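Visitor: got a sequence here, can you model it:
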Amino acid sequence: MQETGERVFSFSSGLVSVVGLCQPLIRCAVMSCRRTRFMTVALLISALVGGSSGHASEPADAPTFTFDFNRGAQGFVAGFADYPPGDAEIYELTSGHRTLPPPLESQSGLFLSGVNRSDDLFMFFKGPMSGLQGGALHTVTVSLEFATNTPSGCFGVGGSPGESVWIKAGVTAVEPLPVRDGSYLRMNIDIGRQSGSGAQAVVLGNIANSRSCEQPLQWELKSLQGSMPSPISIPADGRVWLLFGTDSGFESRTEVYFTRASVTFKPMDAGKSVICAENYVTARAVRTQEEIPPFVQCAYEFVLQAGFEEARRAFHEDERWKSGPIYVFVDENTPNTNLSRAFVYPPDPSREGVPWGLSIDAFGNDLFLDTHRIVRDFGEGWIYNSFHNPTSGRDEPKVSYIKGIAWGGVPAFIGAGIYRRDIPGTCHGDEVNAMGLEADPSDERLREFVRCAAMELESKGYFAAIPLATDPRWKHGSIYLFGLGTYGSTLFSGDPYSGQPGGGSSELNDMMDGPFGGRDVVSVGDAFGETLLYYTARNPGNGAMQRKVTFVKRVVAHGLPILVGAGYYPGYVPRPDYGIFPF
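Guide: The predicted model follows:
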């Protein structure tokens, strides 16, 4: 059974040869456009990081597994997902090892057939591969060949019979299985949805051939190639699964013949630097929502470089990944959302490995239903929910960014988030106040302070003006609020130099000898809605003229636009004996 240049690996189904891709590819069958479709598929999936050529001449630590389905099923079995099992009969789901149709009747392959009645039918074959180096990260290359007689540019119900039937393939440490999700069967791994790739399966292309829809049907060979989204970690037993199939948006019959598959594993260089090494993103530096995605991307890349155990340790212990309410979390991604387990949860490690159970937040959202849907359909994205803040001890609105990942071979998502303290219900006086802003000034804390004041004005109208100008929460040391009309007139101000609480001249005036040299920054703030301004002003904390950073936000109270603002003085150190003001 062993030919020249082959390497043989042992599988549960028998012997599988390992050959180079330089041998002639096996010719295979095709498909019909209007009535039936038959195809054999050739996929090339090479990982984004350090791909492999797939040739048998590669070193022994980059083994290639080749499956010739003309010799039999090779241990592969079929499966179907994204349909209601109670209606399986009308989907006409069929599979098996069959002879290809003419003119390719001299060959045989793995056959799949089904009628898509749900606008999203996934048909697949899966098979095991063993004998790999356990515990190592590998990039993966998969190749197949297919023939198709589905022309390009045809119209069909729900989508084109060629361009709306996508070929997907992947390698995963978890056995791919359809599992019940409500009234439907869904995959237990992240394969993406239709034209979208997932964390554990990638879209290679579609089944349309080079002929137009107006030409007679004719079988043609076609090859596809693409990249797996990330390397995979080989389990300790050295066993993984190959998956390939079709994800259809065409609401009619699709028939497929797979004849050959080849998979190459290449261990990642242990000394390879992480992609994010030059991107110095730390938990302590995360202050805004915009800084969350790069932080999550760096954490994702760190897992790929360091491995799961080292990543778990680092996410718990290293300041780069954990600072106050900012931390990295990893949770299982499963359609059975009440069974989703925490894999990494630094605020409470005792929760790790245990299902979260049904997680309905204060907004009525099922947290893990949302995360599963986003990772399944888009791969990554934003989550808005209410969640426990380990710093305040309260459930608070949190915006998080999540990204699909295979954690130890299990479908999961990695993410991080920021607790918003400048939206209704979260502007707590013990967290957002003038004293706190003066003690730890930053642009982000300044935005929180002004946005919370703006909400007071929006909800209470002019009745909020005097408290905003005088209350110790809003006025302390060098920090005070002001409100301006869109023509620059002062409506209220906590500035003691303005002459009186609740009135006085505007420090944002457009006079030529003013802080902006005649520039109309009030109109700028009115036009942009939110603006950061930089100028020199008198610091009420020490009476000196100093550099000032001010944030202005436009709100509407009683039907009139108002600019609410406040600022801090960079480098200013407050005197400990100053109370609200030294005046």
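
Visitor: only C-alpha atoms for contact and neighbour calcs from this point on.
Guide: Will do.

Visitor: and for the closest residue to Asn365 other than its chain neighbours, the neighbour number?
Guide: Distances taken as CA to CA, 6 or more residues apart in numbering put Asn385 closest to Asn365, at 7.1 Å, once the chain neighbours are dropped. The number of residues packed near Asn385 is 21, by other CA atoms under 10 Å.

Visitor: who does Asn385 bridge with?
Guide: Counting by DSSP bridges, Asn385 forms beta bridges with Lys398.

Visitor: can you tell me which residues contact it?
Guide: Applying CA atoms under 8 Å, 6 or more residues apart in numbering to Asn385 gives the contacts 361-363, 365, 367, 397-399.

Visitor: hmm, Ile383 is touching Val399, no?
Guide: Yes - using CA atoms under 8 Å, Ile383 is in contact with Val399, at 5.7 Å.

Visitor: tell me the pLDDT at Phe482?
Guide: Phe482 is assigned 92 on the pLDDT scale.

Visitor: surely it forms part of a strand?
Guide: Yes - note on Phe482: a strand contains this position according to DSSP: H, G, I helix; E, B strand; the rest coil.

Visitor: just give the nearest non-adjacent residue to it, would you?
Guide: That would be Ser493: by CA to CA, 6+ apart, it lies 4.0 Å from Phe482.

Visitor: okay, now the one you found: neighbour count?
Guide: 31.

Visitor: cool, and the one 5 residues further on?
Guide: For Ser498, the number of neighbouring residues by other CA under 10 Å comes to 16.

Visitor: Gly485 too?
Guide: If you count neighbours by other CA under 10 Å, Gly485 ends up with 18.

Visitor: that one reaches Pro561, doesn't it?
Guide: Yes - using CA under 8 Å, Gly485 is in contact with Pro561, at 6.7 Å.

Visitor: and the next element down the chain from the helix or strand encompassing Glu255?
Guide: Glu255 belongs to strand 253-258 when assigned by DSSP states H and E. Next in sequence after strand 253-258, counting helices and strands by DSSP H and E, comes strand 260-267.

Visitor: so what's Phe528 up against?
Guide: Under the criterion of CA under 8 Å, 6+ apart, Phe528 has no neighbours.

Visitor: now it: how far from Glu507?
Guide: From Phe528 across to Glu507, the span is 19 Å (CA to CA, to the nearest Å).

Visitor: just Ser340 next, same as before
Guide: Ser340 is 55 Å from Glu507, by CA to CA.

Visitor: and what of Glu456?
Guide: 22 Å.

Visitor: same check on Pro161?
Guide: Distance from Pro161 to Glu507, by CA to CA: 66 Å.

Visitor: higher neighbour count, the two?
Guide: Neighbours around Pro161 and Glu507, counted as other CA under 10 Å, are more numerous at Pro161. The numbers are 31 against 22.

Visitor: surely that one meets Asn149?
Guide: No - judged on CA under 8 Å, Pro161 makes no contact with Asn149 at a distance of 10.8 Å.

Visitor: re earlier: my guess is the residue nearest to Phe482 contacts Ala469. True?
Guide: Yes - Ser493 sits in contact with Ala469 when judged by CA under 8 Å, with a separation of 5.2 Å.

Visitor: ok, Pro441 - contacts?
Guide: Per CA under 8 Å, 6+ apart, neighbours of Pro441: 568, 570.

Visitor: hmm, 10 Å instead?
Guide: Going by CA atoms under 10 Å, 6 or more residues apart in numbering, Pro441 touches 434-435, 549, 567-572.

Visitor: in helices, which of those fall?
Guide: Counting by DSSP state H, these place 434-435 in helices.

Visitor: show me which of the contacts of Pro441 are buried.
Guide: Buried subset of these (neighbour count, 16 or more other CA atoms under 10 Å): 434-435, 549, 567-569, 572.

Visitor: on that earlier part again, quick one: list the elements packing against the strand holding Glu255.
Guide: Strand 253-258 sits against strand 94-99, strand 108-115, strand 121-129, strand 146-148, strand 240-248, with contacts defined as 3 or more CA pairs under 10 Å, 6 or more residues apart in numbering; DSSP states H and E.

Visitor: sheet partners, orientation included, of that strand?
Guide: Per DSSP bridges, strand 253-258 is paired in its sheet with strand 108-115 (antiparallel).

Visitor: coming back round to it: what mean pLDDT does the strand holding Glu255 have?
Guide: For strand 253-258, the per-residue pLDDT averages 89.

Visitor: within the helices and strands, which one has His316?
Guide: Per DSSP H and E: helix 308-317 holds His316.
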